[in-house]
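S.K.: Requesting a structural model of the entry that follows:
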Amino acid sequence: MIRFRDSKLTDAPPPSGVVRRRKARRIAVDGAPIREIKPVVVPAQFFVWGPPIAGFISIFPGAFTFGISQMVGDPFERLGRGPDPTYGLVVFGLSFVVCVGLLWVKCFKEPGRTTYSIFPNRVEYDEGLWNRHRRTVVFDQVIDVELTEGVLQQTRQAGTVTLVTQQLVSGQGGELSNRRIALQNVPQPREVYELVRSLALTK
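M.R.: As a prediction, the model looks like this:
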């Protein structure tokens, strides 16, 4: 009889308050990310790519200003003195400085405001320095996971994990379209790659 009572007590449902606490605890555990990743700063990317990109972009406003300056004033006087690149060079220099500054901010400041959160069924990430964007990638749409460790990234033991998703494009006859989402400059890239791959491709 005592055993019977013990089994009855064991099989009896717990109070409603205990059930609610257990459900809340389970939801909290399920809603917590498996891993949160902050990308690292790779200074080599700025010093190698920053000046060439800024110079290429600055060519356009500099050339435009040079062309406009050659059309202002007396044409015979301009013909006598020849082309004057002063204004074009000034605009080119100013544009170059501004572009280098923006690229510096993007390279050194933006990673600190980016977070990749890996959940059992999705990846969520916040990005953007001034305009913040929150995006979600569901693993059910992922068809491939790629890992890239560039030469410059290897200076900081970082890499890029790319998720290739396949989605139905509306208004195109039900055609499938591939999209690539890159988790850039993540530390310990091989571990992150194996984690995402095991979650996304194991179905």
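S.K.: and the longest helix belonging to the chain, what's its mean pLDDT?
M.R.: In the chain, taking DSSP state H as the definition, the longest helix is helix 43-71. What helix 43-71 shows for mean pLDDT is 92.
S.K.: Tell me where this protein has strands.
M.R.: 35-37, 115-118, 122-127, 133-138, 142-148, 158-168, 176-187 (DSSP state E).
S.K.: Can you say which of these is packed in most?
M.R.: strand 115-118 (a mean of 19; mean count of other Cβ atoms under 10 Å). C-beta: built from backbone N, CA, C; applies to glycine.
S.K.: Paired strands for that one, with orientation please.
M.R.: strand 35-37 (antiparallel), strand 122-127 (antiparallel) (DSSP bridges).
S.K.: Lowest mean pLDDT across those, which one is that?
M.R.: Among these, strand 122-127 carries the lowest mean pLDDT, a mean of 87.
S.K.: hmm, who's touching that strand?
M.R.: Applying Cβ atoms under 8 Å, 6 or more residues apart in numbering, the contact partners of strand 122-127 are 33, 110, 113-117, 132-139, 163, 181, 183, 196.
S.K.: quick one: contacts for residue 149?
M.R.: Contact analysis of residue 149 by Cβ under 8 Å, 6+ apart lists 158, 159, 160, 189.
S.K.: one step back: of the strands paired with strand 115-118, give the one that comes closest to residue 67.
M.R.: strand 122-127 (37.5 Å; Cβ to Cβ).
S.K.: hmm, who's touching stretch 135-143?
M.R.: Residues contacting stretch 135-143 (Cβ under 8 Å, 6+ apart): 121-125, 127, 163-167, 178, 181, 199-201, 203.
S.K.: If we use 10 Å, what do you get?
M.R.: 116-127, 145, 163-168, 176, 178-179, 181, 183, 196-197, 199-203 (Cβ atoms under 10 Å, 6 or more residues apart in numbering).
S.K.: State the distance from residue 164 to residue 146.
M.R.: Remark: distance between residue 164 and residue 146 (Cβ to Cβ, to the nearest Å) = 7 Å.
S.K.: what do these two both touch?
M.R.: residue 180.
S.K.: show me where pLDDT drops low in this structure?
M.R.: The model of the chain has pLDDT under 70 over residues 1-30, 73-82, 169-174, 203.
S.K.: do that again at 80, thanks
M.R.: 1-31, 70-84, 127-133, 167-176, 202-203 (pLDDT under 80).
S.K.: Reformat the strands of the chain as JSON lines; add distance to residue 52.
M.R.: Below are the strands of the chain laid out as JSON lines (distance: least, Cβ to Cβ, whole Å):
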{"stretch": "strand 35-37", "distance to residue 52": "29"}
{"stretch": "strand 115-118", "distance to residue 52": "28"}
{"stretch": "strand 122-127", "distance to residue 52": "24"}
{"stretch": "strand 133-138", "distance to residue 52": "27"}
{"stretch": "strand 142-148", "distance to residue 52": "21"}
{"stretch": "strand 158-168", "distance to residue 52": "20"}
{"stretch": "strand 176-187", "distance to residue 52": "19"}
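S.K.: Thanks a lot, catch you later.
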